[in-house]
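Undergrad: Got a predicted structure plus its sequence, pasted below:
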Amino acid sequence: MSIKQVLKPQLTLALLKPDICANAALPPKIKQAILNKELQIVKETNVLWTEADAARFYAEHEGKFFYHRLCGYMTSGPFKAYILSSPNAIKDWRGLIGPTHPVRARINQPETLRALYGLTDTRNSFHGSDSDMSAKQEIEFFFPDYFKPCQS
Ligand SMILES: Nc1ncnc2c1ncn2[C@@H]1O[C@H](COP(=O)(O)OP(=O)(O)OP(=O)(O)O)[C@@H](O)[C@H]1O
């Protein structure tokens, strides 16, 4: 663990995508898995995206063959966003959710959340930031006030 991590635990942005949130029994189970991994839930919010929201968040994927499918999936119903914290939050959460593709996850990492709950390559049930920079940008996307200095 680096000195930076001792002083300031790492943050990551986690999404439980609409297929998970469509089943009321699943978010509490996932929350328990998060806590079992010793990740702290710093903040959470319920989200319902418009097409424009999805297009803004997934701009880097525009033009890819799965882009419209992805935006349709992410606007299909409410979902949950969390800020998670631990000394290695990015790696911890991505380790817990497993590989992007659920079929591969079921073969190679069957204990991961995408292996257990993921449906297809697009409907893969979870998201996790992949770097400190993307975590900051993604946290600001869902929690616009989080990094703003307190006004008193
Ligand atoms: N090859 C693909 N086919 C279908 N959908 C895909 C494919 N690659 C990515 N997606 C969808 O687009 C989303 C965003 O892709 P991205 O590459 O940013 O993955 P991610 O969720 O950050 O996961 P990871 O970083 O673990 O790959 C994925 O979570 C998935 O829903």
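TA: Nice, thanks for sending it over.

Undergrad: Show me which residues of the protein are close to the ligand?
TA: Residues of the chain found near the ligand (C-beta under 6 Å from any ligand atom) are 61, 66, 70, 100, 121-122, 124, 127, 130. Yep, even glycine has a C-beta here, placed from its N, CA and C like the rest.

Undergrad: Out of those, which is nearest to N36?
TA: Distance to N36, by C-beta to C-beta, is smallest for H127 among these, at 19.6 Å.

Undergrad: OK, contacts around the closest one?
TA: Contact criterion C-beta atoms under 8 Å, 6 or more residues apart in numbering gives 13-15, 17, 97 as the residues in contact with H127.

Undergrad: now do L15
TA: Applying C-beta under 8 Å, 6+ apart, one finds that L15 lies in contact with 79-82, 126-128.

Undergrad: Next, it: phi, psi?
TA: Backbone dihedrals for L15, given as degrees, to the nearest 10, come out at phi -120, psi 140.

Undergrad: Quick check: beta-bridge partners of it?
TA: Judged by DSSP bridges, the bridge partners of L15 are A81, H127.

Undergrad: any idea how far it is from K8?
TA: From L15 across to K8, the span is 23 Å (C-beta to C-beta, to the nearest Å).
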